[in-house]
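Colleague: Sharing a model prediction with you, sequence too.
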Amino acid sequence: MDAPLLGATLLLLATSLINLYGIGDHARQLFDRQIILIGIGLIAMIGFSFFNYRYLKNHSMPATIIYLVMCGLLLLTLLNTSIRGSRAWIVFGGFTFEPSELTKLAFIILMAKYFSQRHIHINEFRHVVISGIYLAIPTSIILLQPDLGSAIMLGLIWAGMLLTAGINRRHLFLLVIIAVLIAYTGWAVALKPYQQERLAAFLDPYHDPTGVGYNIIQSKVAIGSGHWLGKGFGQGTQARLGFLPESQNDFAFAAWAEQFGLVGIAVLLGAVALTLYRISRIGERSGNNFSKLFSVGIIIFIASHAVINAGVNTGLVPVTGIPFPLLSYGGSHLLSVMIGIGIMQSIKRYG
């Protein structure tokens, strides 16, 4: 196994536990559950590191079946009750499962397989259209939940892998025009009122400081109060006293910054950067296009979550509900990232 990648992964998992325990008594139950979820994630990562990824590279059927199963699970979410205004979860027992997170991983596998088989003919526009249809099916279901953040993530993964595969410049220009039209139409027609309010709050959070702008304001206060070295482990008043909403999940980055300051942020982002660097090195040294494209997909997956979540916490990006990789509480995203890292370890192992 790639030792630096494993070390960076373990460091990020440790930040999750340290952050949760330091938030306060209201997060202690989540701390115990997170230990279990991390254990499951580690087992999955180790298991997939021994799984020969060449089964995915050499055969189309596994990638297609995984993709179809995840689309089926996405459809099942629409039959469940709404949680916080969205039907994005499947509830069983005391746990909730969010299929959209594993769908991102399934989509990366499918696109890596599709583009690696057709990289010579990628200039043909029909391959852009076909891959776009593969994108449109899960994205449409996710938008019905609604979960705009996950839909954006799938779009970023598709665009990044398409660029890596070598899209024609004219086709790229056409896609940019289509994306702008879709974004404008989505704002005018498809976005829910609360989603439009989030975007408005991003532009001016103090217009409604006790309403839609509250989360962003409290997050900025938490980050700013951390200064260089932070208030100390367990001393973050914004998170511990409940002023910072979703301090275990969407705003875990702000809770970490309040406790450990700019130095803590540097350690956190350094671990993410090392993770991405090692994934890129494994992809570069692999001898096939599938591995290289898969590594690009995983890099986009992890990096976009980290950048967007940190951007939300600092008020640079509208609130999207995107977790920070391996720092935020929750099992669905953690499991998808750990499986992705496990497959990268398999690529390192089997070449």
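Modeller: Sure, I can see it. Being a predicted model, the structure only gives us computed values, none of them experimental.
Colleague: and Thr96, helix, strand or coil?
Modeller: Using DSSP: H, G, I helix; E, B strand; the rest coil, the structure places Thr96 in strand.
Colleague: Hmm, Ile83 and it touching each other?
Modeller: Yes: using Cβ atoms under 8 Å, Thr96 is in contact with Ile83, at 7.3 Å. Just so you know, the C-beta spots here come from the backbone N, C-alpha and C atoms, and that holds for glycine as well.
Colleague: Any idea how many residues pack against Ala254?
Modeller: Neighbours of Ala254 under the rule other Cβ atoms under 10 Å: 33.
Colleague: which stretch of helix or strand covers it?
Modeller: helix 252-285 (DSSP states H and E).
Colleague: For that helix, buried residues please.
Modeller: Neighbour counts using 16 or more other Cβ atoms under 10 Å place 252-261, 264-265, 268, 271-272, 274-276, 278-280, 282-283 of helix 252-285 among the buried residues.
Colleague: one step back: who has more neighbours, Thr96 and Ile83?
Modeller: Taking other Cβ under 10 Å, Thr96 and Ile83 do not tie; Thr96 has more neighbours (15 against 12).
Colleague: Skipping adjacent residues, who's closest to the more buried one in space?
Modeller: Trp89 (4.3 Å; Cβ to Cβ, 6 or more residues apart in numbering).
Colleague: Any regions of the stretch 151-300 of the chain where pLDDT drops low?
Modeller: In the predicted model, the stretch 151-300 of the chain carries pLDDT under 70 at residues 184, 186-202.
Colleague: Quick test: name the residue nearest the centre of the chain.
Modeller: Closest to where the C-alpha atoms of the chain average out (Cα atoms, centre = their mean) is His305, at 4.1 Å.
Colleague: So Gln248 sits against Gly22, correct?
Modeller: No: using Cβ under 8 Å, Gln248 is not in contact with Gly22; the gap is 10.7 Å.
Colleague: Between these two, which contacts overlap?
Modeller: Here Gln248 and Gly22 share the contacting residues Ala255, scored by Cβ atoms under 8 Å, 6 or more residues apart in numbering.
Colleague: which residues are in contact with the helix or strand hosting Met61?
Modeller: Met61 belongs to helix 60-77 when assigned by DSSP H and E. For helix 60-77, contacts defined as Cβ under 8 Å, 6+ apart pick out 55-56, 87-90, 99-100, 102-103, 106-107, 109-110, 112-113, 117, 134, 137-138, 141-142, 145.
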